[in-house]
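Novice: Here is my input, please return the structure:
(4 chains)
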Number of protein chains: 2
Amino acid sequence: MTAAAAPAEPEISARQAEVLDAVLRQLVTDGNSLTMSAVARRASCSKETLYKWFGDRDGLLNATVKYQAARVHVAAVGPDPLDRAALTARLESFALNWLTVISSETSLALNRVAIGQAGSDRSLGAIVLANGRFALGSRMKPVLEAGRKAGLLAFEEAEEAFRTLFGLVARDVQIRLLLGDSPDLDPDRIRADATRAVAQFFALYGAQPGGGKAAP
Amino acid sequence: MTAAAAPAEPEISARQAEVLDAVLRQLVTDGNSLTMSAVARRASCSKETLYKWFGDRDGLLNATVKYQAARVHVAAVGPDPLDRAALTARLESFALNWLTVISSETSLALNRVAIGQAGSDRSLGAIVLANGRFALGSRMKPVLEAGRKAGLLAFEEAEEAFRTLFGLVARDVQIRLLLGDSPDLDPDRIRADATRAVAQFFALYGAQPGGGKAAP
DNA sequence: GCCGAACCGTAACGTTCGTTACGGTTGTTT
DNA sequence: AAACAACCGTAACGAACGTTACGGTTCGGC
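Specialist: From the prediction side, this is the model:
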């Protein structure tokens, strides 16, 4: 291969994973005031070790974001023959999973720090986007295109269809949670929201007679 | 009245408004590193004056958020007899305005600081929510209900219908912008997105024959 | 013209926190 | 057992920043 060196994804030892878990706990409990001393205290390690392993505070945050991203991976899509029920189940599973993730305290804390320092040259936001929104998109687009090939969905651009699905699922939930609002989100409510979002998506992009195309 | 004292909304002089404008500019250009010295330098005032007028750094931020919120007020809805064209125009106007606001650098900077310190006891996020998401909702719900009364829309809860409209308009735009992504959003694209969102909303909640109900 | 209030520019103080350095301890290798 | 590396706990340094204090200037009122 003539390409440049790989992005140098370092291996994470078990002890290092413990430290990153401590960072996540610290972020969730104490919010934005994430000091190196607090991390060291919570992880029962020395600050010297933190700096030896992660370079500096930014390196620690980057490692934490990547670590959390690696933990949240959904099962890949199998190339089963899709019928309407299987497609619905897959879409609802996606919606359920996504709503659960964005309302978890861990995801909220990570998104908050990434947003709080966005606009700087730091690229934490890019990492969060790549492992959140864009990872979802590239995982769901094949499903949508399989649905189209099976004659269940009708759209021109899978990207556009996915963005609409995204909006139907998330609505105002994520921004409200990020801003500190706490809409009641018991699992029952989440499940109901997921099925409603998928039903609306089918109403917009379903191919069977009766489903209407929306855009001109 | 036996109620407690009013929320004590202080008057803002012209000079104070200049200072708050300086805060906004500082937030937009230098991101999260908003120091009192930088504000004083940019506003050509002394730090002593900042503290005399706004109390402390938090008071300055609160005043800035309220100041910006007071600047962004849309024309109230007139009780015109609604036909389909008028309702469509009003919804598209809402979508256009909302997309324009959330993609403005000022709104992004304010939302970033509010989110960055959410989870603390500070209530900046509550102010942003009250003047953004919730102000929109209470402004649009009468429009939606007028549309229902005119036989143009069909829904049970205006709140739910509005949240769906919100999702169809915003999709993934706001979170991507907050995290530092920059999807191309020329005014033409925004206009196209607004009309698409409204068309999809009519497909879901329109009352004329052919529009399907989505939820079971 | 004089007085006091408001304000500007800057200096100074104290705290927080990122970063580095050091002594002591544990576990591994030879 | 001795040597060595890795690591923990803590102390120390330095910079950034919120907050306060002070001298000089402007401006409206008597």
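
Novice: Flag every residue of chain A that's near DNA strand C.
Specialist: When proximity is defined as C-beta under 7 Å from any atom of the strand, chain A approaches DNA strand C at A:Ser33, A:Leu34, A:Thr35, A:Met36, A:Ser37, A:Ser46, A:Lys47, A:Glu48, A:Tyr51, A:Asp56, A:Arg57. The way it works is simple: take the backbone N, C-alpha and C, and place the C-beta from them, glycine included.

Novice: Once you drop chain neighbours, what's closest to the residue in chain A that chain B sits nearest to?
Specialist: Each residue of chain A has a distance to chain B, by C-beta to the nearest C-beta, and the smallest belongs to A:Gly116, at 2.8 Å. Closest residue to A:Gly116 apart from its sequence neighbours, by C-beta to C-beta, 6 or more residues apart in numbering or on different chains: B:Gly116 at 2.8 Å.

Novice: quick one: contacts for the residue nearest the centre of chain A?
Specialist: Centroid-nearest residue in chain A, with C-alpha atoms, centre = their mean: A:Gly132, separated by 3.0 Å. Applying C-beta atoms under 8 Å, 6 or more residues apart in numbering or on different chains, one finds that A:Gly132 lies in contact with A:Ala69, A:Val101, A:Ser107, A:Asn111.

Novice: next one: A:Leu91
Specialist: Residues in contact with A:Leu91 (C-beta under 8 Å, 6+ apart) are A:Val143, A:Leu165, A:Val198, A:Phe201.

Novice: excluding its backbone neighbours, what's nearest A:Leu96?
Specialist: Take A:Leu96 and drop its neighbours on the chain: the residue closest to it by C-beta to C-beta, 6+ apart is A:Ala194, 4.4 Å away.

Novice: For the one you found, which three-state class applies?
Specialist: Classification of A:Ala194 using DSSP: H, G, I helix; E, B strand; the rest coil returns helix.

Novice: ok, now A:Phe155?
Specialist: Of the three states, A:Phe155 takes coil under three-state DSSP.

Novice: I'd like to know how many residues surround it.
Specialist: Other residues within reach of A:Phe155 by the criterion other C-beta atoms under 10 Å in any protein chain shown amount to 20.

Novice: ok, it touching A:Ala207?
Specialist: No - with contact defined as C-beta atoms under 8 Å, A:Phe155 does not reach A:Ala207; the gap is 9.1 Å.

Novice: tell me, what's touching the two both at once?
Specialist: Between them, A:Phe155 and A:Ala207 have A:Arg148 as joint contacts when contacts are counted by C-beta under 8 Å, 6+ apart.

Novice: Quick check, pLDDT for A:Leu96.
Specialist: On pLDDT, A:Leu96 comes in at 94.

Novice: Check the residues of chain A next to DNA strand C and tell me the two furthest apart.
Specialist: The most widely separated members of those are A:Ser33 and A:Glu48, with 21.7 Å between them, by C-beta to C-beta.

Novice: how is chain A carved up into domains?
Specialist: Domain assignment for chain A, taken from automatic domain parsing, gives A:14-71, A:84-205.

Novice: Make JSON lines from the contacts of A:Leu91 and add secondary structure and pLDDT to it.
Specialist: Compiled in JSON lines, the contacts of A:Leu91 are given as follows (DSSP: H, G, I helix; E, B strand; the rest coil; pLDDT from 0 to 100):
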{"residue": "A:Val143", "secondary structure": "helix", "pLDDT": "92"}
{"residue": "A:Leu165", "secondary structure": "helix", "pLDDT": "97"}
{"residue": "A:Val198", "secondary structure": "helix", "pLDDT": "97"}
{"residue": "A:Phe201", "secondary structure": "helix", "pLDDT": "98"}
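
Novice: just the residues you listed now: which is nearest B:Arg171?
Specialist: So of these, ranked by how close each gets to B:Arg171 (C-beta to C-beta), first place is A:Leu165, at 9.1 Å.

Novice: Need the nearest residue in space to the closest one, chain neighbours excluded.
Specialist: Beyond its immediate neighbours in the sequence, the residue positioned closest to A:Leu165 (C-beta to C-beta, 6+ apart) is A:Phe201, lying 5.1 Å away.

Novice: what packs against the helix or strand containing A:Arg41?
Specialist: With secondary structure defined by DSSP states H and E, A:Arg41 is part of helix A:36-43. With contacts defined as 3 or more C-beta pairs under 8 Å, 6 or more residues apart in numbering or on different chains; DSSP states H and E, helix A:36-43 has these neighbours: helix A:14-30, helix A:47-54, helix A:57-71.

Novice: Okay, angle between the strand or helix carrying A:Val169 and helix B:158-170 too, please.
Specialist: Applying DSSP H and E as the criterion places A:Val169 in helix A:158-170. Inter-element angle recorded for helix A:158-170 and helix B:158-170: 150 degrees (by axes from the mean of the first three to the mean of the last three C-alpha atoms, to 10 degrees).
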